[in-house]
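1. Let's see this in three dimensions:
(chains A and B)
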Amino acid sequence: MTEADRETTLDRKLLELLVCPLTKGPLIYDQEKSELISKKARLAYPVRDGIPIMLPSEARAIEE
Amino acid sequence: MDRHQVFDRTLVLQRRLRALKQHGTSADFLLARAADDLEERLSAVERRFDVAVDLASHTDLAAEALRRSGKVSAIIRIEDDARFLTGASTGIVADQEVLPLQAASIDLAVSLLSLHLTNDTPGTLLQIRRALKPDGLFLGAMAGENTLTELRECLIAAESEISGGVSPRVAPFADVRDVGGLLQRAGFTLPVTDIETYTVRYDNLFALMRDLRAMGVQNSLFGRSRKPLTRQFFMRAAEIYAERFSDPDGRIRATFSFIWMSGWAAHESQQKPLKPGSAKASLADFLKDAEKD
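-> Next up is the predicted model:
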């Protein structure tokens, strides 16, 4: 794995146990945007340097 | 302000970040002690854990203790700011009161010296229990009763003397029996609590307060007084502290106590009481026999 891969790829194990902190619902990983999307909460949580930032205050609101 | 909110958690985080920036981990001796204790306690547990989560233990010390224990395969650290995520473990940034963890997804949860700063401690413990797989273990320590009891007493005495009233200056800490009840309420099986008390000696009150600042644990209570304190106030508090709590060599004593908690997520292999009515011997018969003897 190259350095760049490591930055954008989330650990698989980590992905399996993460849920949206607000709804406890599932998350979809958008590798391109480096975001974890909670459809139920309509929020996109950023992943920075491989670290998921699971704070609603840091998340982007998704418009329908 | 919600009346259930005791701690201003935004301020708690700001103070911890400032402490990290200005003092690094220079005042982490209490954490180091707790981490050693964690390793020892874990060594007494006869099993291995696949995925361990370290919940808001401030530094990498708890994760290192887990690694040294040799009982854990993967360690994930959760902190409320990425700047605390140093070291080799995988990290998640999240509020420990609003955990982003799938139900029944982890095998071990540990937490050192941060649960006492949660506003919703029962809710946080419940979320930890839910994140654990059946037969998963929670092992944690938080500051408890008697922590900084001397400081609390001296600040109250100095403030009432000088301003004729008092305001909350030292956080309220849970007592060990309450914490046992909280574990039970959160649904942990075989809950155990105990308390470890340490006395740290300082030259004076100012040295103690320097350490508390370096730990980032200054007063973060919503009910705190916003009035700036005078030099006179601190001088008087230091005097009272020296009068009431000093050793013959003039150094003052400060108490820190950690409440250790352990509890398991329920699993059928665990010991449990028999169902009512399932007894094979009658109590009446036993009592009759006992009377005869």
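2. just to confirm, which helix or strand has the closest residue to residue A:24 other than its chain neighbours in it?
-> Nearest non-adjacent residue to residue A:24, counting by Cβ to Cβ, 6 or more residues apart in numbering or on different chains: residue B:103, 7.3 Å away. In short, each C-beta sits where N, CA and C put it, glycine included. Using DSSP states H and E, residue B:103 is not contained in any helix or strand.
3. Surely residue B:207 is in a strand?
-> No: counting by DSSP: H, G, I helix; E, B strand; the rest coil, residue B:207 is not found in a strand; it is helix.
4. what about the residue positioned nearest the centre of chain A, which SS state?
-> The residue lying closest to the centre of chain A (Cα atoms, centre = their mean) is residue A:36, at 2.2 Å. Put simply, residue A:36 is strand when judged by three-state DSSP.
5. Quick check, it in contact with residue A:21.
-> No: using Cβ atoms under 8 Å, residue A:36 makes no contact with residue A:21, being 10.7 Å away.
6. so what sits against both of those two?
-> The contact sets of residue A:36 and residue A:21 overlap at residue A:54 (Cβ atoms under 8 Å, 6 or more residues apart in numbering or on different chains).
7. what's the helix or strand in which residue B:214 is found packed up against?
-> For residue B:214, the host element (DSSP H and E) is helix B:205-215. Helix B:205-215 makes packing contacts with helix B:9-23, helix B:149-163, strand B:189-202, helix B:231-244, strand B:252-264 when contacts are defined by 3 or more Cβ pairs under 8 Å, 6 or more residues apart in numbering or on different chains; DSSP states H and E.
8. mind checking which helix or strand of chain A has the lowest mean pLDDT?
-> In chain A, no helix or strand scores lower on mean pLDDT, DSSP states H and E than helix A:3-8, which sits at a mean of 44.
9. Just checking, which helix or strand succeeds it along the chain?
-> helix A:12-17.
10. in that next one, what counts as buried?
-> Residues of helix A:12-17 classed as buried by neighbour count (16 or more other Cβ atoms under 10 Å in any protein chain shown): A:14, A:17.
11. which is the next helix or strand following it?
-> Following helix A:12-17 in sequence, per DSSP H and E, is strand A:28-30.
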